[in-house]
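S.K.: Sequence below, structure please.
(chains A and B, ligands or ions: 1)
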Amino acid sequence: MLPDLLGHFGDFGGRYVPETLVPALDELASEYEKAIADEWFMRELDGYLKDYVGRPTPLYYASRLTETLGGARIYIKREDLCHTGAHKINNAIGQALLAKRMGKRRVIAETGAGQHGVATATACALFGIDCEVYMGEEDIHRQALNVYRMKLLGAKVVPVTSGTKTLKDATSEAIRDWVTNVRTTHYIIGSVIGPHPYPRIVRDFQSVIGKETRRQCLEKEGRLPNAIIACVGGGSNSMGIFYPFIADKEVRLIGVEAAGKGLDSGEHCATLTAGEPGVLHGCKSFLLQNEDGQVSLTHSISAGLDYPGVGPEHSYLKTSGRAEYYSITDMEALEGFKILAEKEGLIAALESSHAMAHLMKLAPTMDKETYVVLNLSGRGDKDMDTICKVLQIGL
Amino acid sequence: MNRLREKFAELKSSGGKALVFYLMAGDPDIPTTLDIIKGLDESGVDAIELGIPFSDPMADGPSIQAAAHRALGKGMTVRKCLDLVRSVREFSSIPIVLMTYFNPILHYGIERFAKDAVDAGADATILTDLSPEEAKDWVSASKRNDLGTIFLVAPTSTNERIKRAGDISTGFVYCVSRTGVTGAQSDTPTDLPTLVNRVKSMVGAPVCVGFGISEPRHVEEITRYADGAVVGSALVNLITKHQGSEKLIGEVKKYAMAMKNATRHDETPPRT
Ligand SMILES: Cc1ncc(COP(=O)(O)O)c(C=O)c1O
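M.R.: Predicted coordinates for the structure are as follows:
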């Protein structure tokens, strides 16, 4: 079973952090083991997922989309219907319960699109925990709606002005806070990244998506899907839906990264497609970096994908050949956004629109007898400003 | 490596304490870094920690983050840092510890880096985010090339971890004074003597304390119980303040001498 005891997924993962944090990571790992073996904890988590988050989320048959693309039948896993509007809450609730269990009265988080920040602020409001969210200044502007939400939920949003002013620097700043306040604070990482045990914990909490999907597929189709498609930023919604299918070799697992202005432009964040192994934010994984081992500047129209690293388990799934990874440009993602809105009445997050855009290429090449599942990781309210500006839609 | 080992042996036999200064290679530029190292050497500083800039220094506070970005902005690279060490060796045999994060080294190639660092005249490395668990290959490559490895211990470290860091550290063990990132502070933590004594009881190597040290009175206090003190952000701030001014080297030397003096306890008059 992966990861191993030190958090390795083959050559990837592990723990590359300042010494100060190692004991806290050890504590977290051992507390997590105890929690998942504790029936009461798991029942409490399930209760919140059901009655508060609104799980299980539906698996919806998208008939007009299927008809339009004219190939594989398309089902959509509706994570956009989760409370707060994205899959991020699955992990935030789980980790906030862990924080409570460990007696930590303060929680910090990093956020890109603001969905993880909102989810964490929500969980903290729910459990009465102090919450501070680090967010790059550029993301504060492009995801303003989520900043208002976090503030209304009682969280403090700390603008990060260093480096690229996006998710990468927000993560560095959150780690600096944690190094300083580690004795009182739990850091809720928002994706399957970071030092061990985070990639495992986040994957486990998100794998509720895949477990439900598997059951729903068997109910509706009597067999597993031919492919599952999800967008990859840090990789949590994709890892969550992939994980329960890993042993089912006949199911293609397809991750979609952001190609920004194009892979040749240098302005993208297609880590698995164009990166090389490296170490950032506590783990070894694929990384976008220059010839001197400095981390590259990235770009994506979608704040949630705008990150130069990726979860170590994805690096493992890529190199072992179990999963496939492709990339989609900003402009293609907007096409994905439009088709979901116009054919299915779904306003998707820009992140999820990348997965949709890849499906537009893939579905027509597949036989009508096949079927695929698209993970709609979140809804797009937060992206209205960005999208309407690019598509030149006025009031 | 021998320069570092010899320096501590020499300090031990003379009853002296080490003063180590950190600065960022190439901030504000390579010639100035060389001049500063020369000035530090002339002021009696015992060793240099030379920062190789990394784009994402997650254990550093604002001063060293900014220094890293300035250095990278000026085109600093790993190779140029090694060339800088080579240039220092033309005029000084002060021990040099290269301090950075793991990724630039991993990307350069660990065996190749260990070899090139020693060839250039470096004595040891500190890789802030390389925990002992992940350091096996790096420690072997360093051993093969006679490059020292220095690991950090922190106030949160268990005794077991402190022992392990001691086992794989050569030259000295770096004791982080507080939970936090680098940055000049006005006071030393009250529980620091307890921490240092705990570390000393567990490791054979000399123990130097860093993070937050900025004033002679800090050095005076810390070198009463530790084998040395490491000063980083405070020097980086001083360099930033006087950057471009002809006063820079003079100011650095004045500061370094005051700090070095603070390590000489028998010469300080008793406090009244
Ligand atoms: C809706 C949505 N999908 C996807 C992502 C990307 O993260 P991950 O790859 O961890 O799922 C985000 C991140 O903010 C998001 O908000």
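S.K.: Show me the strands in the chain, by range?
M.R.: You didn't pick a chain, so chain A it is. A:8-9, A:12-13, A:59-61, A:73-78, A:106-111, A:130-136, A:156-160, A:185-187, A:227-231, A:252-260, A:276-280, A:283-287, A:323-329, A:371-376 (DSSP state E).
S.K.: right idea, wrong chain: chain B
M.R.: Per DSSP E, chain B carries strands over the ranges B:18-24, B:47-51, B:96-100, B:124-127, B:148-150, B:152-153, B:173-176, B:207-210, B:228-231.
S.K.: Are there helices or strands packed against the fifth one, and which ones?
M.R.: So that's strand B:148-150. Secondary-structure packing of strand B:148-150 (3 or more C-beta pairs under 8 Å, 6 or more residues apart in numbering or on different chains; DSSP states H and E): strand B:124-127, helix B:136-144. C-betas here are computed from N, CA, C, even on glycine.
S.K.: Run the chain-centre distance for the last one.
M.R.: Spelled out, it's helix B:136-144. For helix B:136-144, the separation from the chain centroid amounts to 20 Å (computed by C-alpha atoms, centre = their mean, to the nearest Å).
S.K.: Show me what that helix is packed up against.
M.R.: Helix B:136-144 sits against helix B:110-120, strand B:148-150, with contacts defined as 3+ C-beta pairs under 8 Å, 6+ apart.
S.K.: so A:Gln115 makes contact with A:His83?
M.R.: No: A:Gln115 lies out of contact with A:His83 (C-beta atoms under 8 Å); the separation is 11.6 Å.
S.K.: More neighbours: which of those two?
M.R.: When A:Gln115 and A:His83 are compared for neighbours, A:Gln115 comes out ahead with 29 against 17, by other C-beta atoms under 10 Å in any protein chain shown.
S.K.: How much space separates that one from B:Glu160?
M.R.: Remark: distance between A:Gln115 and B:Glu160 (C-beta to C-beta, to the nearest Å) = 39 Å.
S.K.: just B:Asn261 next, same as before
M.R.: Distance, B:Asn261 to B:Glu160, by C-beta to C-beta: 38 Å.
S.K.: Show the pLDDT at the closest residue to A:Glu250 other than its chain neighbours.
M.R.: Distances taken as C-beta to C-beta, 6 or more residues apart in numbering or on different chains put A:Leu224 closest to A:Glu250, at 6.8 Å, once the chain neighbours are dropped. pLDDT recorded at A:Leu224 is 98.
S.K.: now do the one 5 residues further on
M.R.: Each residue has a pLDDT score; the one for A:Ile229 is 99.
S.K.: Please apply the same query to A:Lys104.
M.R.: On pLDDT, A:Lys104 comes in at 96.
S.K.: With B:Arg86 instead?
M.R.: Looking at B:Arg86, its pLDDT reads 98.
S.K.: quick one: contacts for it?
M.R.: Counting by C-beta atoms under 8 Å, 6 or more residues apart in numbering or on different chains, B:Arg86 touches B:Ala120, B:Gly121.
S.K.: related to what we said a few turns ago, more crowded one of B:Asn261 and B:Glu160?
M.R.: B:Asn261 (16 against 9).
S.K.: what about B:Val85, distance to A:Gly71?
M.R.: For B:Val85, the distance to A:Gly71 equals 60 Å [C-beta to C-beta].
S.K.: neighbour-wise, which of the two wins?
M.R.: Neighbours were counted for B:Val85 and for A:Gly71 using other C-beta under 10 Å; B:Val85 has more, 22 against 16.
S.K.: My guess is that one contacts B:Leu98. True?
M.R.: Yes: contact status for B:Val85 versus B:Leu98: in contact at 7.5 Å, counting by C-beta under 8 Å.
S.K.: Please enumerate the shared neighbours of those two.
M.R.: B:Leu50, B:Ala117, B:Ala122.
S.K.: right, so of the strands of chain A, which gets closest to A:Gly394?
M.R.: For these, distance to A:Gly394 was read as C-beta to C-beta. The smallest value, 24.6 Å, belongs to strand A:323-329.
S.K.: how about the residues of chain A that lie near chain B?
M.R.: Within chain A, the positions adjacent to chain B are A:6, A:14-24, A:162-163, A:168-169, A:172, A:175-176, A:179-183, A:276-282, A:284, A:287, A:289, A:291-295 by C-beta under 8 Å from any C-beta of the partner chain.
S.K.: Generate a ChimeraX selection restricted to the buried entries among those.
M.R.: Only the buried entries of the residues of chain A next to chain B go into this ChimeraX selection, using 16 or more other C-beta atoms under 10 Å in any protein chain shown:
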select /A:14,15,16,17,18,19,20,21,22,23,24,162,163,168,169,172,175,176,179,180,181,182,277,278,279,280,281,282,284,287,289,292,293,294,295
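S.K.: wait, B:Leu195 sits on B:Val176?
M.R.: No: with contacts counted by C-beta under 8 Å, B:Leu195 stays clear of B:Val176, the gap being 9.0 Å.
S.K.: picking that back up, the helices and strands packed on strand B:148-150 into CSV, with extra columns for mean pLDDT?
M.R.: CSV is the format used below for these (pLDDT from 0 to 100):
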stretch, mean pLDDT
strand B:124-127, 98
helix B:136-144, 98
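S.K.: Tell me which of those sits nearest to the ligand.
M.R.: Of all these, strand B:124-127 sits nearest to the ligand, with 27.7 Å by C-beta to the nearest ligand atom.
S.K.: How far does that closest one sit from its chain's centre?
M.R.: The chain centroid and the centroid of strand B:124-127 are separated by 9 Å under C-alpha atoms, centre = their mean.
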